[in-house]
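S.K.: sharing a model prediction with you, sequence too.
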There are 2 protein chains.
Amino acid sequence: MQVNAKNYHTIWVHSENKQIVRVIDQRKLPFEFEVVDLYTAADAFEAIRNMTVRGAPLIGVTGAYGIYLGLIGATDLNWRTELLTFAEYLKSARPTAVNLAILIDEMVELLSVCSSRELAYDRALEEADRMKLREIAWSEAIGDFGCELIAEISKRKDDKPVNILTHCNAGWLACIDWGTATAPMYKAFQKQIPIHVWVDETRPRNQGARLTAWELSQEGIPHTVIPDNAGGHLMQHGLVDLCIVGSDRTTSTGDVANKIGTYLKALAAYDNKIPFYVALPSSSIDFTMKDGIKEIPIEQRDTDEVCWMEGQLENGKIGKVRIINEKSPVTNFGFDVTPAKYVTALITERGICKANEEDILNLFPEMRGKINSYTD
Amino acid sequence: MQVNAKNYHTIWVHSENKQIVRVIDQRKLPFEFEVVDLYTAADAFEAIRNMTVRGAPLIGVTGAYGIYLGLIGATDLNWRTELLTFAEYLKSARPTAVNLAILIDEMVELLSVCSSRELAYDRALEEADRMKLREIAWSEAIGDFGCELIAEISKRKDDKPVNILTHCNAGWLACIDWGTATAPMYKAFQKQIPIHVWVDETRPRNQGARLTAWELSQEGIPHTVIPDNAGGHLMQHGLVDLCIVGSDRTTSTGDVANKIGTYLKALAAYDNKIPFYVALPSSSIDFTMKDGIKEIPIEQRDTDEVCWMEGQLENGKIGKVRIINEKSPVTNFGFDVTPAKYVTALITERGICKANEEDILNLFPEMRGKINSYTD
């Protein structure tokens, strides 16, 4: 999508040196736009861990390129063992997003047939590129399916904008292009369906206020930033027509792990009879899990994310303020799980389905075997 | 309660000059502890409007002292007319808290029998002091009743702490002493019932992170600050035993207006079968209203509260950072309304009652007439 009227992806191979993978440094947005070069698997690990890149689809693709970068530095003799080592290492960078583990496992399996490091290295680039293009295609398909939902609501709004609430950043910045939750918005906007987006600030890291608001403003989509606390009030007063959020991991039964606070918005949508959609590529469905609350690991992140608030100082530089007295302890859970019963439907790259195992498997029948093998 | 091991109220008359009313400047907490002097009704108006003082009970008492300060500056000839003028003016400082209007109307009525400005001025001080002491007595009674609820839960916790979640600051800083939502916590702590408090940050003004956390740490009560988004996750995982929040205005039917985001926590408590209590003095019950969502006015506050985050810079000074790009619009609703069906019970100065008109009126039978006169 657009940054200062120029098209970007969130990750790409350097046009002049194929051994460098470039990413947008999302920690500095919206205040500074900077591109960072990754040279090694360790660079990719660190970019995922420190959230230079974030968002389940982008984390996954960065992991895939991390495997490629790892093979550049691997030895001809022991590359197979080394591959397994840095594959595990890369997978440990963030625990909640399942894409990372899935794409890395896919890479390892694909590369296992290569007879030399050199062949594996070429193949790794090819496969990482393919995964990247696949994510883009998935996002665009999600956009097309989701756009139909918005178009349907728009019909009864008499040219007034459809009000969409979103949480966190499931935007193109979290993916490669289009985004997941934002893809239907971009598609609707391109089709000149009037929309307005309520952007949840999304404490503690403010991905909504910092990233989603910036993305939407770069594309010219009408939007308003709100504190996370405001969504319930807006819904009670008829100011939200539908919610669309992303997902870091969805169980085969439709429970949705997403940024902390998503569950609260789903409850409010349910209480006010507002549709609550989750947009996700099937790569983030974990077919090995059935009970999201019990099974999905929820990472606890650095408490400094809560204690300190980063932003632009009055002099224009990036700086931070401490917002809690030093004696008070803090906790920082990264995600929560929205039970399937509060999810109106999932918007996937293959279409829209209810958030239950039967309907999900009807859309992804090839996963039936995988489900059964894990059913106890 | 305690500030650096010394007892304070949030508002008091200067011990050496009765024409000065002193308040704690709550905008600078927890980073600086400063006392501000109010000399005129305009000072009291400004202190309420700019949130030097905040919290429904404290706003009400500040309004009462504002009437007193206004009479100091009134003319002997026209004091009755002037009184009515600055009473209306003071009432307009904050629209949502009903205490302000109720206490000011009470003052105006009490002073109407005075035959001179001088008598009115003496009487005003007397009545404002009485209202202040009444608020303290109410808070303490709320604390005693609420403490019984905590003690009851503690019995089945095997000496493990009772986990209480609270939103915003309904602490002693919002009142005169003890607080409303915090009063049961202070009472329980004094009785050595083990408790731990989850303190919602409470965006956008961070009253939880800034004020409640500071209050509790000054009194030595175990607590942890969490982003507003985290409460649902904690409740899903059995980490919350009960919620206690305050109220800015409660209808005769038990709908509760409180800081924006309260409704979302009530929904999560309901979904997880966790009791959700609202602690309030009866002065914040509006017996003229029956439908909180339709009738309670919700103020929209300055959007800078959302765009800029104030705190302590790395050099120790109070400063702020901008957290949203300049092109993105923002809205800032101050309160939301939690429908009575999600409120387990109200904790009032007369005892605990269900959040419905019948039970509220059984506790406050003298209000039956007022209700009926407004029933259509």
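M.R.: Everything's here; your move.

S.K.: rest of the way, CA atoms for contacts and neighbours
M.R.: Fine.

S.K.: contact partners for residue A:210?
M.R.: Applying CA atoms under 8 Å, 6 or more residues apart in numbering or on different chains, we find residue A:210 in contact with A:29, A:30, A:201, B:323, B:324, B:325.

S.K.: as a markdown table, those with neighbour count and distance to residue B:104 would be great.
M.R.: Formatted as a markdown table, the contacts of residue A:210 follow (neighbours: other CA atoms under 10 Å in any protein chain shown; distance: CA to CA, whole Å):
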| residue | neighbour count | distance to residue B:104 |
| --- | --- | --- |
| A:29 | 18 | 48 |
| A:30 | 21 | 46 |
| A:201 | 33 | 37 |
| B:323 | 23 | 38 |
| B:324 | 27 | 39 |
| B:325 | 19 | 42 |
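
S.K.: just checking, which of those residues belong to strands?
M.R.: Residues from the contacts of residue A:210 lying in strands, with DSSP state E as the criterion: none.

S.K.: give me the pLDDT value at residue A:55.
M.R.: Turning to residue A:55, the model gives it a pLDDT of 88.

S.K.: for it, which non-adjacent residue is closest in space?
M.R.: Computed as CA to CA, 6 or more residues apart in numbering or on different chains, the closest residue to residue A:55 that is not its neighbour in sequence is residue A:174, at 3.9 Å.

S.K.: gap between the one you found and chain B?
M.R.: Using CA to the nearest CA, to the nearest Å, one gets 18 Å for the distance from residue A:174 to chain B.

S.K.: so is residue A:311 in a helix, a strand, or just coil?
M.R.: When classified by DSSP: H, G, I helix; E, B strand; the rest coil, residue A:311 comes out as strand.

S.K.: and if you look at the one 10 residues further on?
M.R.: When the structure is split into helix, strand and coil by three-state DSSP, residue A:321 lands in strand.

S.K.: surely it meets residue A:309?
M.R.: Yes: with the criterion set as CA atoms under 8 Å, residue A:321 and residue A:309 qualify as a contacting pair; they are 5.4 Å apart.

S.K.: need the overlap of contacts for these two.
M.R.: Residues touching both residue A:321 and residue A:309 (CA under 8 Å, 6+ apart) are B:309, B:321.

S.K.: of the two, who's got more company?
M.R.: Higher neighbour count among residue A:321 and residue A:309: residue A:309, with 28 against 24, using other CA atoms under 10 Å in any protein chain shown.

S.K.: what are the ranges of the helices in chain A?
M.R.: Using DSSP state H, the helices of chain A run over A:41-49, A:56-73, A:79-91, A:98-111, A:117-155, A:183-190, A:207, A:213-219, A:231-236, A:262-271, A:292-295, A:304-307, A:357-363, A:368-374.

S.K.: quick check: angle from the second one to helix A:79-91?
M.R.: Right, the one you point to is helix A:56-73. Orientation note: helix A:56-73 sits at an angle of 150 degrees relative to helix A:79-91 (axes from the mean of the first three to the mean of the last three CA atoms, to 10 degrees).

S.K.: so does stretch A:248-268 get close to chain B?
M.R.: Yes: residues of stretch A:248-268 contacting chain B under CA under 8 Å from any CA of the partner chain: A:260, A:261, A:262, A:263, A:264, A:265, A:267, A:268.

S.K.: give me the distance between the two termini of stretch A:171-182.
M.R.: Across its full length, stretch A:171-182 reaches 5 Å end to end, with CA to CA, to the nearest Å as the criterion.

S.K.: repeat that for stretch A:107-118.
M.R.: 15 Å.

S.K.: how distant is that stretch from the center of its chain?
M.R.: Stretch A:107-118 sits 28 Å away from the centroid of its parent chain (CA atoms, centre = their mean, to the nearest Å).

S.K.: contact partners for the closest residue to residue A:335 other than its chain neighbours?
M.R.: Once flanking residues are discounted, residue A:335 sits nearest to residue A:260: 3.9 Å by CA to CA, 6+ apart. Each residue near residue A:260 by CA under 8 Å, 6+ apart is listed here: A:333, A:334, A:335, A:336, B:229, B:230, B:233.

S.K.: how does it look with 6 Å?
M.R.: Listed by CA atoms under 6 Å, 6 or more residues apart in numbering or on different chains, the contact partners of residue A:260 are A:334, A:335, A:336, B:229, B:230.

S.K.: can you redo these as JSON lines with pLDDT and neighbour count?
M.R.: As requested, the contacts of residue A:260 are exported to JSON lines (pLDDT from 0 to 100; neighbours: other CA atoms under 10 Å in any protein chain shown):
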{"residue": "A:334", "pLDDT": "95", "neighbour count": "22"}
{"residue": "A:335", "pLDDT": "96", "neighbour count": "27"}
{"residue": "A:336", "pLDDT": "97", "neighbour count": "29"}
{"residue": "B:229", "pLDDT": "98", "neighbour count": "31"}
{"residue": "B:230", "pLDDT": "98", "neighbour count": "28"}
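
S.K.: which among these gets closest to residue B:43?
M.R.: For residue B:43, the nearest member of those is residue B:229. The distance, counting by CA to CA, is 36.3 Å.

S.K.: doesn't residue A:261 make contact with the closest one?
M.R.: Yes: applying CA atoms under 6 Å as the test, residue B:229 and residue A:261 come out as touching, 3.9 Å apart.

S.K.: okay, domains of chain A per the record?
M.R.: Chain A is divided into the following domains under automatic domain parsing: A:2-134, A:142-375.

S.K.: hey, which of these is tucked in deepest?
M.R.: Most buried of these, by mean neighbour count (mean count of other CA atoms under 10 Å in any protein chain shown): domain A:142-375, with a mean of 22.

S.K.: quick one: name the residues of the stretch 251-376 of chain A near chain B.
M.R.: Applying the criterion CA under 6 Å from any CA of the partner chain, the portion of the stretch 251-376 of chain A that neighbours chain B consists of A:260-261, A:264, A:311-313, A:321-324, A:329-331, A:336.

S.K.: dump those into CSV; add distance to residue A:299 as well.
M.R.: Output for those, formatted as CSV (distance: CA to CA, whole Å):
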residue, distance to residue A:299
A:260, 10
A:261, 14
A:264, 18
A:311, 24
A:312, 28
A:313, 30
A:321, 24
A:322, 23
A:323, 23
A:324, 22
A:329, 18
A:330, 15
A:331, 11
A:336, 10
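
S.K.: got the helices of chain A as JSON lines, with distance to residue B:164 columns?
M.R.: Rendered in JSON lines, the data for these read as follows (distance: least, CA to CA, whole Å):
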{"stretch": "helix A:41-49", "distance to residue B:164": "33"}
{"stretch": "helix A:56-73", "distance to residue B:164": "33"}
{"stretch": "helix A:79-91", "distance to residue B:164": "36"}
{"stretch": "helix A:98-111", "distance to residue B:164": "33"}
{"stretch": "helix A:117-155", "distance to residue B:164": "40"}
{"stretch": "helix A:183-190", "distance to residue B:164": "39"}
{"stretch": "helix A:207", "distance to residue B:164": "28"}
{"stretch": "helix A:213-219", "distance to residue B:164": "34"}
{"stretch": "helix A:231-236", "distance to residue B:164": "22"}
{"stretch": "helix A:262-271", "distance to residue B:164": "18"}
{"stretch": "helix A:292-295", "distance to residue B:164": "21"}
{"stretch": "helix A:304-307", "distance to residue B:164": "20"}
{"stretch": "helix A:357-363", "distance to residue B:164": "36"}
{"stretch": "helix A:368-374", "distance to residue B:164": "38"}
